[in-house]
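In: show me the folded form of this:
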Amino acid sequence: MSLSTIASKNGPDICTVFYAVDKDLNLYFVSEPESNHVKNIIKNQTVGCAITDSNQSVSDKKIGVQLSGLAEKITGVEAASYAIDLWNAANPGISSIINLGSITRKVIDSEVFRIRPTKIKFFNEKLFGEEGAEIIEIN
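Out: Down below sits the predicted model:
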């Protein structure tokens, strides 16, 4: 997922993160606290994201998601455990490294974040026709 954050006077910053999504359309990612995007989120929770399959060719029917929302660091063991389990299910293979114990004991320098979308644009030309999309506003 491409994640765009606001870097105060310098304009937006963008990065790529691995993510997971829950049934309520919240997105979760794990990042180092010293990364630019985490520092930006601490100052301004507003974010933008884009998710697409980079293997789509220019002639394919386009499918992807663009969204805006608010990002926050997850606090609390139960919420962090839920998010990390979800993240590991979506990103298998390194649960022995990225897990609640490694994070809480500071074996790895990472924190868990949730993005609560406020607007989601789901574009899918196979479902909605050329340039077709569905926009969901979440209050």
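
In: tell me which element the residue lying closest to Gln45 once chain neighbours are set aside is part of?
Out: Excluding its sequence neighbours, the residue lying closest to Gln45 (Cβ to Cβ, 6 or more residues apart in numbering) is Leu70, at 4.4 Å. Where you see a C-beta, it was placed from the backbone N, CA and C, and this is true even at glycine. Assessed by DSSP states H and E, Leu70 sits inside strand 63-73.

In: and that strand, what does it pack against?
Out: helix 36-43, strand 46-52, strand 111-124 (3 or more Cβ pairs under 8 Å, 6 or more residues apart in numbering; DSSP states H and E).

In: closest one to Asn26 among those?
Out: strand 111-124 (5.3 Å; Cβ to Cβ).

In: chain center to that closest one: distance?
Out: Strand 111-124 has its C-alpha centroid displaced from the chain centroid by 6 Å (Cα atoms, centre = their mean, to the nearest Å).

In: please identify the buried residues of that strand?
Out: Neighbour-count burial for strand 111-124, counted by 16 or more other Cβ atoms under 10 Å, picks out 111-115, 117, 120, 122-123.
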